[in-house]
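Engineer: Requesting a structural model of the entry that follows:
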Amino acid sequence: MVPPTTTPGRVKQRRGEGQWALGYREPLNPNERSKKDDNPLNVRSRIENIYAHGGFASIDPADLRGRFRWYGLYTQRKPGIDGGRTATLEPEELDDEYFMLRVRIDGGRLTTAQLALIGELSQTYARDTADITDRQNVQYHWIRVEDVPAIWQKLEAAGLTTMEACGDSPRVILGSPVAGIAASEPIDGSPAIDEILRRYIGDPRFSNLPRKFKTAISGLPDVAHEIHDIAFVGVEHPEHGPGFDLWVGGGLSTNPMIGKRLGAWVPLDEVPDVWEGVISVFRDYGYRRLRHRARIKFLVADWGPEKFREVLEDEYLKRKLVDGPAPVVPDVPLDHVGVYPQNDGLFYVGAAPIAGRVSGSTLVEVAKAVERAGSGRVRLTPQQKIVVLDVAEAEVKGLQADLAKLGLQTEPSPWRRGIMACTGIEFCKLAIVETKARAVELVSALETRLADVVDGVTAPISVHINGCPNSCARIQTADIGLKGMIVTDERGDQVEGFQVHLGGGLGLDAGFGRKLRGHKVTAAELSDYVERVVRKFVAGREPDERFAQWVTRADEGDLK
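Structural biologist: Residues are numbered from 1 along each chain as shown. Okay, here's the model as predicted:
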């Protein structure tokens, strides 16, 4: 019997999602039209030959707010525009005539010479700005388009690039900061990262994706693999030996999703081919009609991991993948802060700036300190930290002292160790509130106020501060996640504040934080609020209970 709401004989057609593989090739939104009109990688020649000579006013708007991103360039926020106006102004009203420039550092791997160069370029061209991001990049601000060709020339001469650091492209590949030297690492993913870079970065076949594509490849579960578009995590197969477990479809922002295991074991030499297969599935089947649904996580959510693996194997790899085990889940998150033995008798030393905020001058001095300690290798981490490799035992204390003088502590408080923040309203056009300076203020306050409860905090309590809902600072997977917004204070004034997420995490606590209905915290109340919640946790926790576990059973009143 036909339901009364259905017209007999008519089958409702589902609207196309803009999937190329299903024939939807026409431009469906302005972003897709821009990429079809001109491959974004072609913008480099215009920057070098036209815009660097004509200045900001000469830049085509389609390049300025679109294709520039494929080379790591975003216009930064014009100073003096408060957060309440972020969503009400047109892009050209928010644009300053300066740029953020993102230096792509795959695996976070740097020599001291490269680190010093990054610092020197900051001093020369970026007003000494340099932030370490949670994707192992370094971001500059105050960059003029006139200076970009010279910056590129110097970076590329040192083996660095900004190519596809942003845009609808395969962005920087995260890797373990201790790849190849960690005693507990089942396999080193660095060769796979290098091969993917060699084969695919800058390849026009993958420069027009539905949206960004984020990759993590690590022998250890230390790169937030659960929230990547694709991730390869080191495992030991009982029959085939060391290799990687394959995950797809993770991501945060306004629709957070934990990635799905495909249940496949991938040997090291096959990682690049499997990576190409997955990114090709995304390119061909990804949703292009609506920008907010154009990430691979939506495709994986609709298909399920079984169908995704079937399409990957049958249409792209033309072979079946080997079934394999899940990766080991660490007892505590791996941030590599502190001093640890390497597998070769040397040591690595991890240090914590506050929320990745450093400077070009600091990076130059770090490079000098590392060389004085007899090392030539530095790593940036997905937690906005710095790790120095290959330090002889006799040099460790001297290096720690030198780093401490630069504000980089190797034995930090739980609050300094666990803080993370995005760029915020200081430079970002999407932001609503200040983040970096607020992180510094919060850490300083908590180190004083909570000095008496440090022994009750057996693992760092992560506090992540984000300037808008996009979660660049991974607020949904923090113990205490703070999403910037304009709120009403007790006097009825509109002020900067935060929506609170509590008890998110990765690893053992993989999942998203608990949002308290209607609960907002003003920026002025932030230190009081965090102190109050931490004290309630320390007082009410069970033995060995983690913060995320406590949050799930705590009364709502204890979380406010």
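
Engineer: CA only for contacts and neighbour counts going forward, please
Structural biologist: Will do.

Engineer: For residue 419, give me its contacts.
Structural biologist: 354-355, 439, 443, 462-465 (CA atoms under 8 Å, 6 or more residues apart in numbering).

Engineer: and with 10 Å instead?
Structural biologist: 352-356, 383-384, 439-440, 442-443, 460-465, 473, 478, 480 (CA atoms under 10 Å, 6 or more residues apart in numbering).

Engineer: Pull up the gap between it and residue 134, please.
Structural biologist: Residue 419 sits 11 Å away from residue 134, going by CA to CA, to the nearest Å.

Engineer: burial of residue 450, as a residue count?
Structural biologist: 17 (other CA atoms under 10 Å).

Engineer: Tell me where the stretch 451-560 of the chain has helices.
Structural biologist: 526-540, 547-553 (DSSP state H, counting those that start in this stretch).

Engineer: Need the residues that contact the shortest one.
Structural biologist: Applying CA under 10 Å, 6+ apart, the set of residues contacting helix 547-553 from outside is 457-462, 477-480, 502-505, 508-514, 533-534, 536-538, 540-542, 554, 558-559.

Engineer: Buried subset of the residues you listed, written for ChimeraX?
Structural biologist: Those of the contacts of helix 547-553 that count as buried under 16 or more other CA atoms under 10 Å are selected in ChimeraX with:
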select :457,459,460,461,462,477,478,479,480,502,503,504,505,509,510,511,512,513,514,533,534,537,538,541,559
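
Engineer: What about the contacts of helix 547-553, which are in strands?
Structural biologist: Under the assignment DSSP state E, those contribute 480, 502, 514 to strands.

Engineer: which among these gets closest to residue 295?
Structural biologist: For the ones in strands among the contacts of helix 547-553, the minimum distance to residue 295 (CA to CA) is 23.9 Å, reached by residue 514.

Engineer: My guess is that closest one contacts residue 476. True?
Structural biologist: Yes: Residue 514 is in contact with residue 476 according to CA atoms under 10 Å; the separation is 8.5 Å.

Engineer: Report how many residues lie close to residue 21.
Structural biologist: 12.

Engineer: how much space is there between it and residue 283?
Structural biologist: From residue 21 over to residue 283 the distance is 9 Å, taken as CA to CA.

Engineer: swap in residue 330?
Structural biologist: 33 Å.

Engineer: and the gap between residue 515 and residue 476?
Structural biologist: Per CA to CA, residue 515 is found 9 Å from residue 476.

Engineer: Between those two, tell me which one has more neighbours.
Structural biologist: Comparing residue 515 with residue 476 by other CA under 10 Å, the one with more neighbours is residue 476, at 29 against 17.

Engineer: Mind pulling the model confidence for that one?
Structural biologist: Residue 476 carries a pLDDT value of 94.

Engineer: cool, residue 276 as well?
Structural biologist: Looking at residue 276, its pLDDT is 98.

Engineer: list the contacts for it?
Structural biologist: Going by CA under 10 Å, 6+ apart, residue 276 touches 196, 199-200, 206, 282, 312, 316-317.

Engineer: could you redo the last one with a cut-off of 7 Å?
Structural biologist: If a contact means CA atoms under 7 Å, 6 or more residues apart in numbering, then residue 276 has no contacts.

Engineer: Off-centre distance for the host helix or strand of it?
Structural biologist: In the assignment (DSSP states H and E), residue 276 maps to helix 271-285. Chain-centre distance of helix 271-285: 21 Å, with CA atoms, centre = their mean, to the nearest Å.

Engineer: Stretch 443-453 too?
Structural biologist: Relative to the mean C-alpha coordinate of its chain, stretch 443-453 is positioned 27 Å out (CA atoms, centre = their mean).

Engineer: Show me which residues of that stretch are buried.
Structural biologist: For stretch 443-453, by 16+ other CA under 10 Å, it's 443, 445-447, 450.

Engineer: what's next to it, contact-wise?
Structural biologist: Against stretch 443-453 from outside (CA under 7 Å, 6+ apart): 413, 415-416, 527, 531.

Engineer: Between those residues, identify the one with the most neighbours.
Structural biologist: Going by other CA under 10 Å, residue 416 tops the contacts of stretch 443-453 with 26 neighbours.

Engineer: quick one: residue 76 and residue 140, what's the gap?
Structural biologist: Applying CA to CA, the value for residue 76 to residue 140 is 10 Å.

Engineer: What of residue 500?
Structural biologist: 29 Å.

Engineer: just residue 21 next, same as before
Structural biologist: 38 Å.

Engineer: all strands of the stretch 251-400 of the chain, in order?
Structural biologist: Remark: strands assigned in the stretch 251-400 of the chain by DSSP state E, counting those that start in this stretch are 260-266, 322-323, 338-341, 347-351, 377-380, 386-391.

Engineer: And the ones you listed: which comes nearest residue 182?
Structural biologist: With CA to CA as the criterion, residue 182 lies closest to strand 338-341 of those, at 7.9 Å.

Engineer: Adjacent strands (with direction) for that closest one?
Structural biologist: Using DSSP bridges, the strands paired with strand 338-341 in its sheet are strand 347-351 (antiparallel).

Engineer: Quick check: nearest residue in space to the residue nearest the centre of the chain, chain neighbours excluded?
Structural biologist: The chain has residue 135 as the residue nearest its centroid, 3.9 Å off, counting by CA atoms, centre = their mean. Once flanking residues are discounted, residue 135 sits nearest to residue 382: 5.2 Å by CA to CA, 6 or more residues apart in numbering.

Engineer: Name all residues that make contact with that neighbour.
Structural biologist: Taking CA under 7 Å, 6+ apart as the criterion, residue 382 is in contact with 134-136, 223.

Engineer: how close does residue 168 get to residue 452?
Structural biologist: For residue 168, the distance to residue 452 equals 48 Å [CA to CA].

Engineer: what about the helices in the stretch 51-200 of the chain?
Structural biologist: Applying DSSP H, counting those that start in this stretch to the stretch 51-200 of the chain gives helices spanning 52-54, 61-64, 91-94, 112-125, 148-157, 190-200.

Engineer: export the ones you listed to a markdown table and tack on distance to residue 235, mean pLDDT and mean neighbour count?
Structural biologist: A markdown table is the format used below for the helices of the stretch 51-200 of the chain (distance: least, CA to CA, whole Å; pLDDT from 0 to 100; neighbours: other CA atoms under 10 Å):
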| stretch | distance to residue 235 | mean pLDDT | mean neighbour count |
| --- | --- | --- | --- |
| helix 52-54 | 48 | 98 | 15 |
| helix 61-64 | 43 | 95 | 15 |
| helix 91-94 | 46 | 89 | 15 |
| helix 112-125 | 31 | 98 | 21 |
| helix 148-157 | 34 | 98 | 16 |
| helix 190-200 | 15 | 98 | 16 |
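
Engineer: Nothing else from me, thank you.
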